[in-house]
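> Just a sequence and a predicted model for now, questions to come.
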Amino acid sequence: MLDFITRHQRSLSERYFFFKLRDLRKTSSTRKINQMSKHLPTTLSVIKIVKENYRTVTLTFANQLGIIRPGQFVMLWLPSVNEKPVSVAYADEKTIELTVSAVGPWSKAIQKIKKGDKLGLRGPFGNTFKLSGKHIILVGGGFGIAPLHFFATLTQQHKIKTDCIIGARNKKELLYVNKLKKLTNLYITTDDGSVGDKSYTTDKLAELLNQNHYSQIYSCGPEIMMRKVAELAKQAKTPSQLSLERYMKCGFGICGSCCLDDSGSRVCTDGTVYSGEKVLKESEFGRSHRDSSGRKV
Ligand SMILES: Cc1cc2nc3c(=O)[nH]c(=O)nc-3n(C[C@H](O)[C@H](O)[C@H](O)COP(=O)(O)OP(=O)(O)OC[C@H]3O[C@@H](n4cnc5c(N)ncnc54)[C@H](O)[C@@H]3O)c2cc1C
Ligand code: FES
């Protein structure tokens, strides 16, 4: 396995060196080393595995990627299967946690990873959620709850009053309930009412926006949900920050697969976090995206 990783690391390295060389020549030597290393996969062993729900695991690695901030993602490479973007669910100077839900071939293979297995991590990539104000609200759905958990650890450190709404189809799909209860004032919604309110996260958000004055709304999850969050934020004249997903191949701005129609903004480098005001101007936001071959779906 190690031979396999080393061989593939070499061919990936050659590609990334080629594309980044021109940019790197313009930067200082310390920045060169940092930029160079984040574009190469680092082989890391899984040191802990937590089963979050029936189709989701959190993998912990020793942090050899340096400083990682809430909202950022890494490219997670499972040799001989695929490499995919994953938001960082928590990181400090010692560890990195990634939460992956089984959806298709790659994410199902991730569920079978054992302690001690080695994976390749590139990154961190993308921009970050920005702290703002004294009373904020987070709105998360699906595995979008994971990066909001990381952000909530930061808002707790800064003693920012944080309300949080998380939603799922039903109780068994929910993630991070106990952890978020400790960090935030937590509200839960489910489509079938099996736990929390039988409603959508955005119904709860509308209710809370009538009762509170928030300085900022943060959201990550299904885009249809985030579009509604952005519209509610606009109506309430409250700024919002949303973390978007697009099909990603390189993760650092060279392949163009993650571009938003209209502006051409690259979600992997200009995002993933955008203001609600900006993304509401993108015609595809909450309506369509592009698949692996660039076809609109
Ligand atoms: C910025 C970002 C952060 C993400 N964070 C997480 C996370 O924290 N946890 C998690 O479980 N998943 C996360 N994902 C999704 C993850 O990258 C995979 O898309 C997902 O696991 C499905 O991959 P698959 O091969 O198993 O399934 P597939 O059947 O191949 O894909 C299922 C669907 O996932 C999407 N998808 C597949 N490949 C990609 C890709 N390379 N880039 C973007 N979307 C893709 C497509 O919409 C596709 O229809 C994130 C995606 C992005 C873009
Ligand atoms: S994933 Fe390649 S440019 Fe964004």
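Everything's here; your move. Numbering: from 1, shown residues only. Ligands and ions are numbered 1, 2, ... in the order given.

> so how many other residues sit close to Y274?
Counted with other CB atoms under 10 Å, the neighbours of Y274 add up to 24. Placement of C-beta: from N, CA and C, glycine included.

> Alongside ligand 1, which residues does this structure contribute?
Within the chain, the positions near ligand 1 by CB under 6 Å from any ligand atom are 73, 82, 84-87, 99-101, 103-107, 143, 146, 245-248, 272.

> if you go through this protein in chain order, where are the strands?
Using DSSP state E, the strands found in the chain span residues 42-53, 56-62, 73-78, 82-91, 95-101, 118-125, 135-141, 161-168, 185-190, 197-198, 216-220, 240-243, 273-275.

> wait, which of the ones you listed is closest to ligand 2?
For the strands of the chain, the distance to ligand 2 is smallest for strand 82-91, at 7.8 Å, taking CB to the nearest ligand atom.

> And the contacts of that closest one?
41, 58, 63, 65, 68, 70-77, 96-100, 105-107, 120, 122, 124-125, 143-144, 146-147, 149-150, 153, 220, 243, 245, 248, 251, 268, 272 (CB atoms under 8 Å, 6 or more residues apart in numbering).

> Pick out the residue in the stretch 51-200 of the chain sitting closest to ligand 1.
In the stretch 51-200 of the chain, the residue that lies nearest ligand 1 is G104 (2.1 Å; CB to the nearest ligand atom).

> I136 versus Y200, what's the distance?
20 Å (CB to CB, to the nearest Å).

> returning to that earlier point: same list, the strands of the chain, but as a markdown table with mean pLDDT please.
Shown next, in a markdown table, are the strands of the chain (pLDDT from 0 to 100):
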| stretch | mean pLDDT |
| --- | --- |
| strand 42-53 | 97 |
| strand 56-62 | 98 |
| strand 73-78 | 98 |
| strand 82-91 | 98 |
| strand 95-101 | 98 |
| strand 118-125 | 98 |
| strand 135-141 | 98 |
| strand 161-168 | 98 |
| strand 185-190 | 98 |
| strand 197-198 | 97 |
| strand 216-220 | 98 |
| strand 240-243 | 98 |
| strand 273-275 | 98 |
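
> Including distance to M226, could those go into CSV?
Formatted as CSV, the strands of the chain follow (distance: least, CB to CB, whole Å):
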stretch, distance to M226
strand 42-53, 22
strand 56-62, 20
strand 73-78, 16
strand 82-91, 14
strand 95-101, 17
strand 118-125, 20
strand 135-141, 8
strand 161-168, 12
strand 185-190, 15
strand 197-198, 19
strand 216-220, 5
strand 240-243, 5
strand 273-275, 10
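
> Dump the ones you listed into TSV; add distance to ligand 2 as well.
What follows is those, written out as TSV (distance: least, CB to the nearest ligand atom, whole Å):
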stretch	distance to ligand 2
strand 42-53	19
strand 56-62	22
strand 73-78	9
strand 82-91	8
strand 95-101	18
strand 118-125	9
strand 135-141	23
strand 161-168	27
strand 185-190	32
strand 197-198	37
strand 216-220	18
strand 240-243	14
strand 273-275	14
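
> Can you tell me the closest non-neighbouring residue to the one residue sitting closest to the centre of the chain?
The structure's the chain has its C-alpha centroid closest to S87; by CA atoms, centre = their mean the separation is 2.9 Å. Distances taken as CB to CB, 6 or more residues apart in numbering place P147 nearest to S87, at 4.0 Å, with adjacent residues excluded.

> Burial check on that neighbour, number of neighbours?
Residue neighbour count, defined by other CB under 10 Å, stands at 29 for P147.

> residue contacts, it?
Applying CB under 8 Å, 6+ apart, the residues near P147 are 70-71, 73, 87-89, 129, 220, 243.

> just the buried members of those residues?
Neighbour counting with 16 or more other CB atoms under 10 Å marks 70-71, 73, 87-89, 129, 220, 243 as buried within these.

> show me what contacts L131?
Contacts of L131 by CB under 8 Å, 6+ apart are 154-155, 158, 160.

> ok, it to ligand 2 distance?
Distance of L131 to ligand 2, given as CB to the nearest ligand atom, to the nearest Å: 25 Å.

> likewise K234?
Using CB to the nearest ligand atom, K234 is found at 27 Å from ligand 2.

> in stretch 128-143, what counts as buried?
128-129, 131, 136-143.

> ditto for stretch 164-178
Neighbour counts over stretch 164-178 (16+ other CB under 10 Å) mark 164-168, 173-177 as buried.

> same deal with stretch 114-122?
Of the residues in stretch 114-122, 118-122 count as buried by neighbour count, 16+ other CB under 10 Å.
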